[in-house]
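Participant: structure here, sequence nowhere to be found:
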């Protein structure tokens, strides 16, 4: 009888252990081969290892579980415990989400990191107010200028058809006296072939992955802004984990953030070399162009501060110190 009791107890413990495993779905709108998604997959793998399989995170890339514009809301409402999305995509809810996409405010990875660090407390507070916790955030390479013709001065952009894909890019075109044309990245090749667009801002990654070098011959590395992806978790889902598992998630998240920033910067340099190797002319923007972009940056920063209020002003003041 004693042996039977011990055996039953062992079965009960094993069953409890089995039920203790937690499974999270983590959807993202980006394809499986982008460096951002690869980084999130590595995060999930490390969580599995650090928790000895106690927390299993299943990645769902390419908008297969939720469309990109639905991801934040899905985590916020508890439909899914975790997700990755571009933070500035929620700027229409609150301007603080879009601080990393103020044009020509930052010019390098070091400056983007500084902006992230000063904005992070306010963004974490904002996410917390919506029931979410930030795990890590990683930037895309900077948005730079592609053109079918050489650009020596702002006058060369006036009157041209400039691709727009957001309120900010529309505003940039307007300030440059160009004509904004709404074109999604997937449609850009056709738009270039039909002369629907003459120039645009996008990253080195997009230039290589979308083979834009086949139709555009001039590239100016202006690094207008570096939008960040954020991987977040529903606060209740995080709170339901035991302390050891929470610590493991945070440890893996810190590693993912560091790795992501390093990978983004390394790939930006590699993509730039590839654009040159594919026949693009890589040229530093002229002083006149730099001056115009800086002026646009100041104008749009002030416009952002007005919309973001005192919290926004505090972030910009801290960044500029």
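Facilitator: Perfect, I can see it now. No experiment lies behind these values; they were computed from the predicted model shown.
Participant: count of neighbours near residue 129?
Facilitator: By the measure other C-beta atoms under 10 Å, the count of residues near residue 129 is 9. For glycine as for every other residue, the C-beta is placed from the backbone atoms N, C-alpha and C.
Participant: please report how far residue 209 lies from residue 103.
Facilitator: 22 Å (C-beta to C-beta, to the nearest Å).
Participant: between those two, point out the one with more neighbours.
Facilitator: Taking other C-beta under 10 Å, residue 209 and residue 103 do not tie; residue 103 has more neighbours (22 against 14).
Participant: next SSE downstream of the helix or strand hosting residue 230?
Facilitator: Using DSSP states H and E, residue 230 sits in strand 228-234. Remark: after strand 228-234, the chain's next helix or strand is helix 235-239, criterion DSSP H and E.
Participant: buried sites along that following helix?
Facilitator: For helix 235-239, a neighbour-count test (16 or more other C-beta atoms under 10 Å) marks 235, 237, 238 as buried.
Participant: quick one: mean pLDDT over the helix or strand just after it.
Facilitator: Later in the chain than helix 235-239, the nearest helix or strand by DSSP H and E is helix 243-277. Summarised as a single mean, pLDDT over helix 243-277 is 97.
Participant: what do you get for stretch 310-318?
Facilitator: The average of the pLDDT scores along stretch 310-318 is 98.
Participant: and what of stretch 112-127?
Facilitator: Computed over stretch 112-127, the average pLDDT equals 98.
Participant: now stretch 215-230
Facilitator: Average pLDDT, stretch 215-230: 95.
Participant: next, the buried residues of that stretch.
Facilitator: For stretch 215-230, a neighbour-count test (16+ other C-beta under 10 Å) marks 216, 218-230 as buried.
Participant: from memory residue 268 sits against residue 204, does it?
Facilitator: Yes: assessed by C-beta atoms under 8 Å, residue 268 is found in contact with residue 204 at 5.4 Å.
Participant: the two: which is more packed in?
Facilitator: Neighbours were counted for residue 268 and for residue 204 using other C-beta under 10 Å; residue 204 has more, 27 against 22.
Participant: and for the more buried one, nearest residue in space, chain neighbours not counted?
Facilitator: Closest residue in space to residue 204, ignoring its immediate chain neighbours: residue 271 at 3.5 Å, by C-beta to C-beta, 6 or more residues apart in numbering.
Participant: for that neighbour, give its distance to residue 208.
Facilitator: Counting by C-beta to C-beta, the gap from residue 271 to residue 208 is 5 Å.
Participant: with residue 202 instead?
Facilitator: Counting by C-beta to C-beta - residue 202 and residue 208 are separated by 11 Å.
Participant: more neighbours: these two, which one.
Facilitator: With neighbours defined as other C-beta under 10 Å, residue 202 and residue 208 compare such that residue 202 has more, 23 against 19.
Participant: that one against residue 185, yeah?
Facilitator: Yes: assessed by C-beta under 8 Å, residue 202 is found in contact with residue 185 at 7.0 Å.
Participant: how about the helices in the chain?
Facilitator: Here the chain has its helices, by DSSP state H, at 2-20, 35-50, 71-76, 109-129, 167-175, 188-193, 204-209, 235-239, 243-277, 287-320.
Participant: so of those helices, which one's packed in deepest?
Facilitator: Using mean count of other C-beta atoms under 10 Å, the stretch among the helices of the chain with the largest mean neighbour count is helix 71-76, at a mean of 22.
Participant: remind me which residues of the chain are low pLDDT?
Facilitator: Residue ranges of the chain with pLDDT under 70: 1-19.
Participant: alright, that wraps it up for me.
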